[in-house]
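# Give the three-dimensional model of this entry:
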Amino acid sequence: MGVYIRCLHAYPSLGSVEVLDGNIPVVRRLEYGQVTPYFYAEAPEGFRLETEDGRRSWGKEAPGDGGTITWVLTEKEGSPWMIPIQDMERGSEEGEAVLRLVNLAVPTLDLYMGRLPEEMEMFLEQVEEGEASEYKGTESGRYFADLCMGAEWNVLARIPELHLAGGVWYSLYVIGNAEQWNVRLVMDGTI
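The predicted structure is shown next:
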């Protein structure tokens, strides 16, 4: 049974990559921070990545069964590594936006959100490096958000406008590494 997959380049020290199905290019020049659209993969284990210099040595974890998957190109012990993140593929309650935090770059993170900066409250907490939180629903609209480390609201990043539409599932990816990280909001399951 095939699945829908996409790729997110989350390895800052690696240049652009190509996504190949066997020897057939599917996506060329995927840069750090970019994510592909979903595409159908009859055999997702046949997909691989290649750098411009032709390097093909990638570690890869086993994907889950069916559904939609985001393959995240990151690093493990200093080498390129692909991690499958299972994405939600169904709609939420009408008017509700659904969000999760995927932390692939820094130690434990908390996400605070509010309509105004002074109204921010804990939304998702204790998301360890290498983990994805559960999805959590909220009202659609614009939010201010802070990504914080530690229990003392140590702000790592401030997101001044986080737009969440009703009926949409989102993942907020923290990508890169401790020296060079970035935040990327993507819609999940939009095929």
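# only C-alpha atoms for contact and neighbour calcs from this point on.
Will do.
# gap between Gly137 and Val183?
20 Å (CA to CA, to the nearest Å).
# Output the below-cut-off pLDDT ranges for this protein.
Low-confidence segments of the chain, defined by pLDDT under 70, span residues 1, 44, 54-66, 89-94, 151, 191.
# Longest strand in it, please.
strand 154-164 (DSSP state E).
# Contacts for that one, please.
The contact list for strand 154-164, computed with CA atoms under 8 Å, 6 or more residues apart in numbering, reads 97, 140-149, 170.
# for stretch 68-75, same thing?
3-11, 38, 63, 80-89, 104, 176, 189.
# hmm, try it at 6 Å
Outside stretch 68-75, the residues within contact range by CA atoms under 6 Å, 6 or more residues apart in numbering are 3-11, 80-87.
# go on, stretch 7-18?
Residues outside stretch 7-18 that contact it (CA under 6 Å, 6+ apart): 27-36, 49-51, 70-74, 175-176.
# Of the contacts of strand 154-164, just say which sits nearest to Glu42.
Checking the contacts of strand 154-164 against Glu42 by CA to CA gives Tyr170 as the nearest, at 24.8 Å.
# The strand or helix carrying that closest one: partners in the sheet, and parallel or antiparallel?
Following DSSP states H and E, one finds Tyr170 within strand 169-176. The strands that strand 169-176 pairs with in its sheet are strand 96-103 (parallel), strand 181-188 (antiparallel) (by DSSP bridges).
# Downstream of the first one, the next helix or strand is which one?
Okay, so that is strand 96-103. Following strand 96-103 toward the C-terminus (DSSP H and E): strand 109-114.
# Show me what that following strand is packed against.
Applying 3 or more CA pairs under 6 Å, 6 or more residues apart in numbering; DSSP states H and E, one finds that strand 109-114 makes contact with strand 121-127, strand 141-149.
# What distance do you get for Ile24 to Arg48?
Ile24 is 10 Å from Arg48, by CA to CA.
# sorry, back to before: the strands paired with strand 169-176 into a markdown table, with extra columns for distance to Leu164 and mean neighbour count?
Shown next, in a markdown table, are the strands paired with strand 169-176 (distance: least, CA to CA, whole Å; neighbours: other CA atoms under 10 Å):
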| stretch | distance to Leu164 | mean neighbour count |
| --- | --- | --- |
| strand 96-103 | 6 | 23 |
| strand 181-188 | 10 | 17 |
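# Compile those into TSV and extend it with columns for distance to Gly130.
TSV is the format used below for the strands paired with strand 169-176 (distance: least, CA to CA, whole Å):
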stretch	distance to Gly130
strand 96-103	6
strand 181-188	14
